[in-house]
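> missing the sequence, but the structure's below:
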């Protein structure tokens, strides 16, 4: 399937849709997932039109993992998470629902079940607070 320019992440990158941004550089953008699986669930996307990891230019793949590491450390600190799950899905059979390559950063604690993804929008006021916690942790690093 060819890259679809009307996917939600492409619209976010073009400024056509809002997001709760936590980090941005010349090759990547990170923001809060609006249908989080746990408090603090963030996403990292490259500023490159790739449907999945295998379509992504190597320099953008490298930039994405650098941002995942940076934001992941901040999420772990901001939410006092004993663990962080990093997930990157490729294709609908793997569970990908937005066809712009992206990586999930999900705080994890033993005994806390993950919510189903894509089922319920989070409260935007809460997402704004969560984004600020991550931004503050990035500034403290």
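Now that the structure is in, tell me what you want to look at. Treat the numbers as computed from the prediction; the structure is a model and nothing was measured. Numbers count the residues shown, from 1 in each chain.
> quick one, phi/psi of the residue nearest the centre of the chain?
With distances taken as C-alpha atoms, centre = their mean, the chain has residue 43 as the residue nearest its mean C-alpha position (0.2 Å). Dihedral pair for residue 43: phi -120, psi 150, per degrees, to the nearest 10.
> is it true that it touches residue 106?
No. With the criterion set as C-beta atoms under 8 Å, residue 43 and residue 106 do not qualify as a contacting pair; they are 9.8 Å apart. Using the backbone N, CA and C atoms, a C-beta is placed for each residue, glycine as well.
> in this protein, what residue sits furthest out from the centroid?
residue 111 (23.0 Å).
> surely that residue is within a strand?
No. Under DSSP: H, G, I helix; E, B strand; the rest coil, residue 111 sits outside any strand and is assigned coil.
> for it, give its distance to residue 76.
Here the criterion is C-beta to C-beta, to the nearest Å. By it, residue 111 lies 17 Å from residue 76.
> what about the residue farthest from the centre of the chain, distance to residue 83?
With distances defined as C-beta to C-beta, the gap from residue 111 to residue 83 amounts to 11 Å.
> go on, residue 23?
Residue 23 sits at a distance of 21 Å from residue 83 (criterion: C-beta to C-beta).
> show me which of these two is the more surrounded one.
The neighbour count for residue 23 versus residue 83, taken as other C-beta atoms under 10 Å, is higher for residue 23 (18 against 11).
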